[in-house]
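**Q** Make a model of this:
(chains A, B, C and D)
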2 protein chains.
Amino acid sequence: MYHALAHPARRQILKLLGSGPMSAGDIADRFEVSKPTMSGHFNVLKDAGLIQAERDGTTIRYRLNASVLEEAAAAILDLMGTGKGVREQKGDER
Amino acid sequence: MYHALAHPARRQILKLLGSGPMSAGDIADRFEVSKPTMSGHFNVLKDAGLIQAERDGTTIRYRLNASVLEEAAAAILDLMGTGKGVREQKGDER
DNA sequence: CCACTAATTAGCGAACACGCTAATTAGTCG
DNA sequence: CGACTAATTAGCGTGTTCGCTAATTAGTGG
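**A** Sure, this is the predicted structure:
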């Protein structure tokens, strides 16, 4: 999943989907790369569980999976907490 | 920087450094891979700004850069719309 | 059924990531 | 200085990523 976030285009896709679901074509139109390339990015994000697809007629709509992104952020925060004080709780005050 | 987090060994290094600074050798001893390989991981983390090195005699001590990790987590949260006050993801009440 | 659009899969080349061993730099101490 | 330890850089093989074009699947409508 970290790998999925490691590409600027994929992060941009997630950001677009943050405003709401969007079709594959509409997303692809906002990027310079070809559609097959974008489709590959969609697959990476889908495999990582960051987005989900739903078919609507001929188009496919992608939707953001916010909970997985939350987990990612929590995991990163967890990297710095272990050891100094055992901070396993979710309610982290910083 | 996302790339730096995309390797398990590197995340493990960050976790170790979360308990406090540690020498390159001591860190390397906890992994199965060779020391040059570990040195490569250190470089990736250093280039990403996630750790900093300080020489102490013949050994080199690495220290975690917690602020950069915080930025990373914040950036991920920002991908879902946290940055602007867009809620709608979980029925968040103002 | 055939044409058309939306999106994906297939296949390919260039570039990069990751691990190794061997050689090199940096510093300590007899 | 010379030997020793700590750590890095150099060089190489292998596998993966990323982009492309071409071909294929899925669905709509004449």
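**Q** List the buried residues of the helix or strand A:Arg61 falls within.
**A** A:Arg61 is located in strand A:59-64, with elements delineated by DSSP states H and E. Within strand A:59-64, the residues scored as buried using 16 or more other C-beta atoms under 10 Å in any protein chain shown are A:61-62, A:64. Every residue, glycine included, has its C-beta placed from N, CA and C.
**Q** Just the closest of the residues you listed to A:Arg55, please.
**A** Within those, proximity to A:Arg55 (C-beta to C-beta) peaks at A:Arg61, which comes in at 7.7 Å.
**Q** circling back: switch the buried residues of strand A:59-64 over to a markdown table; also include distance to DNA strand D and pLDDT.
**A** Conversion of these to a markdown table gives the following (distance: C-beta to the nearest atom of the strand, whole Å; pLDDT from 0 to 100):
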| residue | distance to DNA strand D | pLDDT |
| --- | --- | --- |
| A:Arg61 | 13 | 98 |
| A:Tyr62 | 16 | 98 |
| A:Leu64 | 19 | 97 |
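**Q** out of these, which touch chain B?
**A** A:Leu64 (C-beta under 8 Å from any C-beta of the partner chain).
**Q** and stretch A:35-42, is it in reach of chain B?
**A** No. For stretch A:35-42, no contact with chain B is found by C-beta under 8 Å from any C-beta; the gap never falls below 14.1 Å.
**Q** Residues touching that stretch, excluding its own?
**A** Residues outside stretch A:35-42 that contact it (C-beta atoms under 8 Å, 6 or more residues apart in numbering or on different chains): A:7, A:9-10, A:13, A:24-25, A:27-28, A:31, A:51, A:53, A:62.
**Q** Apply the buried test to the residues you listed and list what passes.
**A** Applying 16+ other C-beta under 10 Å to those flags A:7, A:9-10, A:13, A:24, A:27-28, A:51, A:62 as buried.
**Q** Closest one to DNA strand C out of those residues, please.
**A** Comparing the buried ones among the contacts of stretch A:35-42 against DNA strand C with C-beta to the nearest atom of the strand places A:Ala24 closest, at 3.7 Å.
**Q** From chain B, how far out is the closest one?
**A** With distances taken as C-beta to the nearest C-beta, to the nearest Å, A:Ala24 is found 19 Å from chain B.
**Q** rewinding a little: which one of the contacts of stretch A:35-42 is nearest to chain B?
**A** A:His7 (8.0 Å; C-beta to the nearest C-beta).
**Q** Tell me who's in contact with the closest one.
**A** A:41, A:44, B:2.
**Q** With secondary structure added, can I get those in CSV?
**A** Output for the contacts of A:His7, formatted as CSV (DSSP: H, G, I helix; E, B strand; the rest coil):
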residue, secondary structure
A:His41, helix
A:Val44, helix
B:Tyr2, helix
